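Asks: below are the sequence and a predicted model; questions follow.
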Amino acid sequence: MKGEAGFVAALRRLATDPAARGLADDCAVIELGGEALVLTHDMLVEGVHVFADADPADIAWKLVAVNLSDLAAKGARPLGVLLGHMLGNGDERFLNGLHEVLTHYGVPLLGGDTVAGEGRRAWGLTAVGQATHRPVPSRAGAQRGDGVWLTGEIGAAMLGFEALRDRTGADSTAYRRPMARLAEGEALAPLVTAMMDVSDGLLLDAARIAEASGVTVSLDSAAIPLAPSRDRFGDAVRWGDDYELLFTLPAKVQPPVGASRIGRIMEAGPSGLLLDGREPDGELGWLHGTEG
């Protein structure tokens with residue numbers, strides 16, 4: 001077993017309940033009579049997902065937003081969150097940021113846990129939502145002939161990260177305080193054949209839709225909207241942290257939200273992902289435990 005992919009593969013042998021969706025989706029979906037609960041859990045680690053000297057208020061915002069982004073990819077309406085917090089310096093600032101983000105999205109804090117420890121700090125959050133459409137969208141379901149669509153731009157978070165790392169003073173908001181596309185996800189849920197958020201890189205997440213759906217995703221590089229200049233294309237599509245929605249629609253269906261058509265779905269071939277007709281070189285995106 002090596003890295004994130006190997007560990008998740010082992011976990012799949014334990015996650016046999018249908019609600020887990022084979023651990024091949026953004027969220028678990030629990031059917032309760034005529035309703036469906038949508039649950040997700042994400043973590044942030046100091047020095048990995050946020051800078052060691054990051055404003056704790058920004059950490060709180062990002063922690064909530066990235067979890068709500070998973071709900072957005074299911075078209076779910078948030079019901080509340082459960083917080084896992086490691087105590088330390090800046091806890092008052094963290095609480096300020098938590099109040100800001102919960103107020104912004106109108107989401108209640110329902111509970112959680114606090115701990116004290118040493119070394120790098122880590123934070124976890126469980127978000128609970130209610131499905132607004134059945135069946136609840138998944139990464140699976142993309143069909144040959146579908147269009148591949150993307151909300152927003154790719155690469156803004158990368159630029160924000162670099163601004164903080166290099167202390168240039170440039171805008172870093174997209175990295176520090178990403179936005180969950182909840183309204184867009186709810187509007188798209190009745191129409192999409194597959195949907196997920198872009199968290200680990202556009203190429204890697206497109207490949208995940210391809211794998212889950214048993215198809216090939218063919219992307220057109222010229223159609224992919226970028227925040228950085230085109231000469232940063234290779235970096236931007238592998239970076240992640242953008243939290244835009246990546247989704248597929250039947251060929252004649254237009255999205256009811258602002259989005260760009262960036263490719264199409266083809267019958268499954270030797271490669272699950274094509275970029276301008278060719279298999280992309282190198283790593284597709286970010287996986288924990290693959291560095292070295």
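Replies: On my side now, so go ahead.
Asks: now do stretch 143-163: distance to the chain's middle.
Replies: Here the centre of stretch 143-163 is set off from its chain's centre by 11 Å, with Cα atoms, centre = their mean, to the nearest Å.
Asks: ok, stretch 168-184 next?
Replies: That offset, for stretch 168-184, works out to 13 Å (Cα atoms, centre = their mean).
Asks: over to the closest residue to Ala127 other than its chain neighbours. Which of the three states is it?
Replies: Using Cβ to Cβ, 6 or more residues apart in numbering and skipping residues adjacent in sequence, the residue nearest Ala127 is Asn67, 3.9 Å away. In short, each C-beta sits where N, CA and C put it, glycine included. The three-state assignment at Asn67 reads helix, by DSSP: H, G, I helix; E, B strand; the rest coil.
Asks: one more: the one 10 residues further on?
Replies: Three-state secondary structure (criterion: three-state DSSP) places Arg77 in strand.
Asks: kindly state the beta-bridge partners for it.
Replies: Going by DSSP bridges, Arg77 is paired in beta bridges with Gln130.
Asks: contacting residues around it?
Replies: 71, 129-130, 132, 182, 186 (Cβ atoms under 8 Å, 6 or more residues apart in numbering).
Asks: which regions of the stretch 1-150 of the chain sit below the pLDDT cut-off?
Replies: Judged by pLDDT under 70, the stretch 1-150 of the chain has its weakly predicted residues at 1-2.
Asks: quick one, strands of it?
Replies: With DSSP state E, counting those that start in this stretch as the criterion, the stretch 1-150 of the chain has strands at 28-32, 35-45, 76-86, 109-115, 122-131, 147-150.
Asks: among those, which is nearest Ser138?
Replies: strand 28-32 (8.2 Å; Cβ to Cβ).
Asks: mind listing what's buried in the closest one?
Replies: 28-30 (16 or more other Cβ atoms under 10 Å).
Asks: adjacent strands (with direction) for it?
Replies: When DSSP bridges is applied, strand 28-32 pairs with strand 35-45 (antiparallel).
Asks: now the strand it pairs with against strand 76-86, angle please.
Replies: Angle, strand 35-45 to strand 76-86, by axes from the mean of the first three to the mean of the last three Cα atoms, to 10 degrees: 30 degrees.
Asks: which residues sit against strand 35-45?
Replies: If you take Cβ under 8 Å, 6+ apart as the criterion, strand 35-45 is touched by 26-30, 49-50, 59, 62-63, 66-67, 70-71, 74, 76, 79, 84, 120-131, 134, 136.
Asks: repeat that for 6 Å
Replies: 27-30, 50, 63, 66-67, 70-71, 74, 76, 122-124, 126-129, 131, 136 (Cβ atoms under 6 Å, 6 or more residues apart in numbering).
Asks: which among these end up buried?
Replies: Buried among those (16+ other Cβ under 10 Å): 27-30, 50, 63, 66-67, 70-71, 74, 76, 122-124, 126-129, 131, 136.
Asks: just give the nearest non-adjacent residue to Leu110, would you?
Replies: Nearest residue to Leu110, sequence neighbours excluded (Cβ to Cβ, 6+ apart): Gly80, at 4.0 Å.
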